[in-house]
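Enquirer: pasting the sequence and the predicted model now:
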Amino acid sequence: ALDYFFMLPAQCDISDFKLEKMEWLILQDIELVLEIPHLAQQWMSAESTPTLGTVVLTFEEFITRWQHLSKLVPH
């Protein structure tokens, strides 16, 4: 679908910006990495006044998930 889009005459000025396969793979890795702090932020913002206990538990979960991810996706 993207190949067709970039072949359209109206898109000729941006066709040089089409991402290659490796660039898409890198973006997918970035998405995986950023998903964890996003979840932590969501947990923290769910409470109107986060307590220290909640903050510590959220931070521990954040670190644990990142460590787990580093073992699953070592690159």
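Expert: Received it, and whenever you're ready, just let me know what you need. Residues are numbered from 1 along each chain as shown.
Enquirer: tell me the pLDDT at Phe5?
Expert: In this prediction, Phe5 carries a pLDDT score of 87.
Enquirer: that one sits in which helix or strand?
Expert: Assigned by DSSP states H and E, Phe5 belongs to helix 2-7.
Enquirer: cool, Arg65 as well?
Expert: helix 52-72.
Enquirer: residues contacting that helix, please?
Expert: Residues outside helix 52-72 that contact it (Cβ atoms under 8 Å, 6 or more residues apart in numbering): Leu32, Val33, Ile36, Pro37, Leu39, Ala40, Trp43, Met44, Glu47, Pro50. To be clear about C-beta, it is placed using only N, CA and C from the backbone, and glycine gets the same treatment.
Enquirer: what's the PyMOL line that selects buried ones from those?
Expert: A single PyMOL command selects the buried members of the contacts of helix 52-72 (16 or more other Cβ atoms under 10 Å):
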select buried, resi 36+40+43
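Enquirer: any chance of the contacts of helix 52-72 in a markdown table, with distance to Cys12, secondary structure and pLDDT too?
Expert: Formatted as a markdown table, the contacts of helix 52-72 follow (distance: Cβ to Cβ, whole Å; DSSP: H, G, I helix; E, B strand; the rest coil; pLDDT from 0 to 100):
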| residue | distance to Cys12 | secondary structure | pLDDT |
| --- | --- | --- | --- |
| Leu32 | 33 | helix | 90 |
| Val33 | 34 | helix | 90 |
| Ile36 | 39 | helix | 94 |
| Pro37 | 38 | helix | 94 |
| Leu39 | 40 | helix | 92 |
| Ala40 | 43 | helix | 91 |
| Trp43 | 45 | helix | 88 |
| Met44 | 45 | helix | 87 |
| Glu47 | 50 | coil | 81 |
| Pro50 | 50 | coil | 79 |
